[in-house]
Every structure is written in structure tokens, then in C-alpha cells.
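Visitor: kindly return the folded structure for what I paste below:
(chains A and B)
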Amino acid sequence: SQTIHQWPATLVQPVGSPLSLECTVEGTSNPNLYWYRQAAGRGLQLLFYSVGIGQISSEVPQNLSASRPQDRQFILSSKKLLLSDSGFYLCAWAGTGGSPLHFGNGTRLTVT
Amino acid sequence: AQSVTQLGSHVSVSEGALVLLRCNYSSSVPPYLFWYVQYPNQGLQLLLKYTTGATLVKGINGFEAEFKKSETSFHLTKPSAHMSDAAEYFCAVSERSGYALNFGKGTSLLVTP
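Guide: Just a heads-up that it's a prediction; the model follows:
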């Protein structure tokens, strides 16, 4: 069966520090991969999605970036965090043929 | 572009009462529609989905939803609420399978004894 791993679960970082969040998927090949951010009262905002290695689509301009160095690995990064980057970050994967998104357990990021 | 509107950011029901969470969508092509549930500090779990075929969709935990094209709606219902149903519920729409889902802002369900 397919599983998705996302870490760390919680993270506290000072303003201006770098960020790296990692997500890996097991049990499937060539998944579509996604990064969402959830802020209180604002639902889920799609940040990036990827349909293959090295293929990244950005939905919202920001100081975050994403990379997909391997088929089942998706990384969210920032060179310098802002206070507004605080939130709950969710990684997800999807197959094809109408399949829904499957989410990881999320990373709670607090920028201080 | 497709979008979703969830009516009511907070819904409160008594244990054993009917649960009705409203979702309306906007899409220029036949949509794929989903309902997810989120418990505190956890990821989202799929409740049910509509892609094609039968318009009444049954999901996990006794939930179901009906796709009504004429009303552009996909409301979520459960005949009898349990305390364990208290959570955040998200409706989502996609125009192409496997691509990005657009989520509503969520409805927080409170179940009172």
C-alpha cells in the first residue's frame, strides 16, 4: 500500500533562517506531488505541484521554492523565512484516473 | 477556473441529529468533487469523492453526498451525528483527475451532547 511521510512534525525557526521540509512517498511510481499551506481560517492554499522529476509548477508567488530531486521526494525550501511563512504545511500525492489527494500528517511551522 | 464555496464556517449539531454541511462549486467543465475531514494537527483524510456515475456518493463513517448539477452543489450529510464527528471538513473541486484540487475554506463541525 502507498504511504506518505512528512517531516518534521513541528518546527520553530527565527526570521531570516532557511527552511527545508521533506516529503517522501512509498508504494507508487511517478505520483503527482503537492505542497499546500493552511493558515487559520483561510483553508488550504496550493503552493506547488509536480507531475515529474524536476517539473515544478508554482501557484503563488512567494519566498518559498520546491524541488523534486527524485521520483517520490518533494522538498519545500526557503532561503530566508518571514513571519508570514508561519502555518501548517501539508504534502500530498495523487495518482491518475480521478484519484484524490492523499495527505501527509503536516508540519507546523512557527517563525519567530 | 474552478472554485468551491462552503456555506457556514461553523456548524453546531446535537449528538444524534442530522449533519448537513453545504458546498457549492463553480466549474466550466464537469467537475471532480471531494470531501475531506481534518482532525486537529493532522493531515486531511478523504471522506468521499464524485467523479462520474451515480450522483449519490457514500463515504466512510456514515457520510454521504449528492452531486446536483442543476444546483452546482455537493452537500455532505450524515443522518446521526456522533461526538467523534467533531472536526474540520473541507470540500474540494478538480477539473482534471490527479491535478490540483481547489479547496473551500472549511467548516468546523461541533457536536454537543
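Visitor: in stretch A:82-90, what counts as buried?
Guide: For stretch A:82-90, the neighbour count (16 or more other CB atoms under 10 Å in any protein chain shown) marks A:Asp85, A:Ser86, A:Gly87, A:Phe88, A:Tyr89, A:Leu90 as buried. Placement of C-beta: from N, CA and C, glycine included.
Visitor: do stretch A:87-105 as well
Guide: A:87-95, A:99-104.
Visitor: kindly report the same for stretch A:35-54.
Guide: Neighbour-count burial for stretch A:35-54 [16+ other CB under 10 Å]: A:35-38, A:43-51.
Visitor: now stretch B:106-113
Guide: Result for stretch B:106-113 [16+ other CB under 10 Å]: buried residues B:Gly106, B:Thr107, B:Ser108, B:Leu109, B:Val111.
Visitor: dihedrals phi and psi, A:Ala9?
Guide: phi -80, psi -40 (degrees, to the nearest 10).
Visitor: quick one: contacts for it?
Guide: A:Asn105, A:Gly106, A:Thr107, A:Arg108 (CB atoms under 8 Å, 6 or more residues apart in numbering or on different chains).
Visitor: how about A:Phe103?
Guide: A:Ile4, A:Leu90, A:Cys91, A:Ala92, B:Tyr36, B:Gly43, B:Leu44, B:Gln45.
Visitor: just checking: the least confident one among the residues you listed is which?
Guide: Lowest pLDDT within the contacts of A:Phe103 is found at B:Gly43 (90).
Visitor: hmm, that residue is touching A:Gly104, no?
Guide: Yes. Using CB atoms under 8 Å as the test, B:Gly43 is close enough to A:Gly104 to be in contact (5.3 Å).
Visitor: any shared contact partners between the two?
Guide: A:Gln6, A:Leu90, A:Ala92.
Visitor: turn those residues into CSV, including secondary structure and distance to A:Gln70.
Guide: Output for the shared contacts of B:Gly43 and A:Gly104, formatted as CSV (DSSP: H, G, I helix; E, B strand; the rest coil; distance: CB to CB, whole Å):
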residue, secondary structure, distance to A:Gln70
A:Gln6, strand, 15
A:Leu90, strand, 20
A:Ala92, strand, 17
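Visitor: with that, I have no additional questions.
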